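S.K.: No letters, just coordinates:
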Ligand SMILES: [Zn+2]
């Protein structure tokens, strides 16, 4: 793909960096799945050492990258290589090692404190850590540099080139439309707000069988994919030939584990379908969290929560879960698609989910911009929940303390969840011009859908930035219209 000796030299020098990333993902995967608890400290030590080697290796590319930039006639692939390495270089050269060290140490401690604070529903325990994290993230933003709002520098770490202007432009019409849709659902009562199956227990072994069938329907490959169990479901792409997902079995409300499996399979398919010529290069993966999330949401919501997919699952559910025979297929469809204003983001439905994100985005922006103090957050959170979602938390654990992101220093991450929903709407709209998605899902024939995603999105890896890739494939970037149209058709028709 590259005919340029300078680029070839860079790609050669990148191989050990790829290998360090590969080792780090295996370390992480193991930490989340099978490692004994006390292994955490030495694992953290080893990860930090690997990160330092990685930083040196990346900085070592500085000279060849500036040499490559002076070359005029680079092709799209070569420009992609340079763009991606420059992003890593920017971070590692502008953030001094002391700041990296202080951030890493603070978030490691904060994560443990946050768990305790959440358990006790006590914000005062977490407050000093969050104050420190906000202060460090502001310093990080200053070091990285930005135009406009300092929050732009932080979002860019997760979604290249995304600005608060972009997000405001996307979220403002989205919120208005979602409020209208939610009111429509509430007044028509066409979708229930609760379901008996939420309180029905299941046997883990039975659900394991169901999930195996889900993997079979989605056509997940045997030799390059595996599924395990962990506290929080995640996907880990070790290489283009080794992608792993996890799920969890909570024992109640069986839909949770099914939809987490479908969601993570969406991420896994992205990683598995990147063109193999990009293996071992900085381009071997999706270009942003928003693009990645669009794929998991597409499979989870647009496919998984459809009438046709419910029809495919229904006999499997009846066979493996005895209690399901008491419910009709329509009942199960409604159980998969409850809509209700609720307090917890991760349990929110397709319509109200985005309100949870808007709240976090507005709050983070104000925190980083210095407009609100950490001590004011619990109060502001509760008021915003009432304004956006229409419910008020009774405890801090079901309010401001519910998410892990802030303790992990991931400020600027939340917007990418809603961007994923928005892009999934755009992708579905575009795919419909080429494929009859409903018919294919009804027949259980997922291959044409997977092939479409591969040819249009997955195979490019991160050759293009998320905005470039959307413009190339979808003609525009982050347009919320299609998500709104889809939700209207599904819930208000
Ligand atoms: Zn996801």
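M.R.: Okay, I see it. None of the values given here were measured: they were computed from a predicted structure.
S.K.: Mind jotting down where the helices sit in the stretch 351-493 of the chain?
M.R.: Defined through DSSP state H, counting those that start in this stretch, the helices belonging to the stretch 351-493 of the chain, from first to last, are 353-368, 377-388, 415-431, 437-443, 447-456, 466-474, 481-491.
S.K.: Need the ones you listed in TSV (columns: mean neighbour count and mean pLDDT).
M.R.: Quick note: C-beta positions are derived from backbone N, CA and C, even for glycine. Compiled in TSV, those are given as follows (neighbours: other CB atoms under 10 Å; pLDDT from 0 to 100):
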stretch	mean neighbour count	mean pLDDT
helix 353-368	22	96
helix 377-388	17	94
helix 415-431	24	98
helix 437-443	16	98
helix 447-456	16	98
helix 466-474	19	98
helix 481-491	18	97
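S.K.: Indicate which one of those is closest to residue 279.
M.R.: The closest approach between residue 279 and any of the helices of the stretch 351-493 of the chain, judged by CB to CB, belongs to helix 447-456 at 15.1 Å.
S.K.: which helices and strands sit right next to that closest one?
M.R.: In terms of contact count using 3 or more CB pairs under 8 Å, 6 or more residues apart in numbering; DSSP states H and E, helix 447-456 is assigned the packing partners helix 255-272, helix 415-431, helix 437-443.
S.K.: what about these, which gets the closest to residue 144?
M.R.: Nearest of these to residue 144, taken as CB to CB: helix 415-431 at 17.2 Å.
S.K.: quick one: buried residues of stretch 44-53?
M.R.: Taking 16 or more other CB atoms under 10 Å as the neighbour-count basis, stretch 44-53 is seen to contain the buried residues residue 47.
S.K.: Quick one: mean pLDDT over that stretch.
M.R.: For stretch 44-53, mean pLDDT is 86.
S.K.: Give me the pLDDT for the closest residue to residue 155 other than its chain neighbours.
M.R.: In space, and not counting its chain neighbours, residue 155 is closest to residue 412: 4.3 Å by CB to CB, 6 or more residues apart in numbering. Residue 412 is assigned a predicted lDDT (pLDDT) of 98.
S.K.: how much space is there between residue 150 and residue 48?
M.R.: Residue 150 sits at a distance of 27 Å from residue 48 (criterion: CB to CB, to the nearest Å).
S.K.: meant to ask about residue 252
M.R.: Shown here: residue 252 relative to residue 48, a distance of 38 Å by CB to CB.
S.K.: Likewise for residue 22?
M.R.: 17 Å.
S.K.: wait, residue 174 sits on residue 485?
M.R.: No: Residue 174 lies out of contact with residue 485 (CB atoms under 8 Å); the separation is 11.9 Å.
S.K.: Can you check which of the helices and strands packed on helix 447-456 gets nearest to residue 361?
M.R.: Each of the helices and strands packed on helix 447-456 has some distance to residue 361 by CB to CB; the shortest is helix 415-431, at 5.1 Å.
S.K.: and that closest one, what other elements does it pack with?
M.R.: Counting by 3+ CB pairs under 8 Å, 6+ apart, helix 415-431 packs on helix 164-188, helix 289-297, helix 353-368, helix 447-456, helix 466-474, helix 481-491.
S.K.: Return the set of buried residues in the first one.
M.R.: Spelled out, it's helix 164-188. 164, 166, 167, 170, 171, 174, 177, 178, 181, 182, 185.
S.K.: In JSON lines, list those residues along with pLDDT and distance to residue 354.
M.R.: Compiled in JSON lines, the buried residues of helix 164-188 are given as follows (pLDDT from 0 to 100; distance: CB to CB, whole Å):
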{"residue": "164", "pLDDT": "98", "distance to residue 354": "17"}
{"residue": "166", "pLDDT": "97", "distance to residue 354": "15"}
{"residue": "167", "pLDDT": "98", "distance to residue 354": "12"}
{"residue": "170", "pLDDT": "98", "distance to residue 354": "10"}
{"residue": "171", "pLDDT": "97", "distance to residue 354": "8"}
{"residue": "174", "pLDDT": "97", "distance to residue 354": "6"}
{"residue": "177", "pLDDT": "97", "distance to residue 354": "10"}
{"residue": "178", "pLDDT": "95", "distance to residue 354": "6"}
{"residue": "181", "pLDDT": "95", "distance to residue 354": "11"}
{"residue": "182", "pLDDT": "93", "distance to residue 354": "10"}
{"residue": "185", "pLDDT": "92", "distance to residue 354": "14"}
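S.K.: Closest one to residue 9 out of these, please.
M.R.: Set against residue 9, the nearest of these by CB to CB is residue 166 (35.6 Å).
S.K.: so how far is residue 149 from that closest one?
M.R.: Using CB to CB, one obtains 11 Å as the distance from residue 166 to residue 149.
S.K.: Good, we can wrap up now.
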